[in-house]
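Peer 1: Using only what follows, build the 3D model:
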Amino acid sequence: MKRNKSAEKTTSMEREENVPKPLKSILKVGSSIRENHNSFATLLAKDE
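Peer 2: Residues are numbered from 1 along each chain as shown. Model prediction:
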């Protein structure tokens, strides 16, 4: 019963909590890499 209730109102935050921890850290690394890439791209754009 409880499981169905939580499945009904699954917010993005709840979904993240259900993700296994190793996967979570990989996602975190991916987002930080994306941020670094964005700042690097802006630095390159400034040089041009």
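Peer 1: in the chain, which helix or strand is least confident?
Peer 2: Across the helices and strands of the chain, mean pLDDT, DSSP states H and E gives its lowest value to helix 2-8, namely a mean of 54.
Peer 1: what's near enough to touch Asn18?
Peer 2: Applying C-beta atoms under 8 Å, 6 or more residues apart in numbering to Asn18 gives no contacts. Glycine gets a C-beta too; all of them are placed from N, C-alpha and C.
Peer 1: top helix in the protein by residue count?
Peer 2: The helix spanning the most residues in the chain, taking DSSP state H as the definition, is helix 21-47.
Peer 1: for stretch 20-37, which positions count as buried?
Peer 2: By 16 or more other C-beta atoms under 10 Å, stretch 20-37 has no buried positions at all.
Peer 1: In this structure, where is pLDDT below threshold?
Peer 2: 1-17, 19, 48 (pLDDT under 70).
Peer 1: mind redoing it with 80?
Peer 2: For the chain, the stretches flagged by pLDDT under 80 are 1-20, 37, 47-48.
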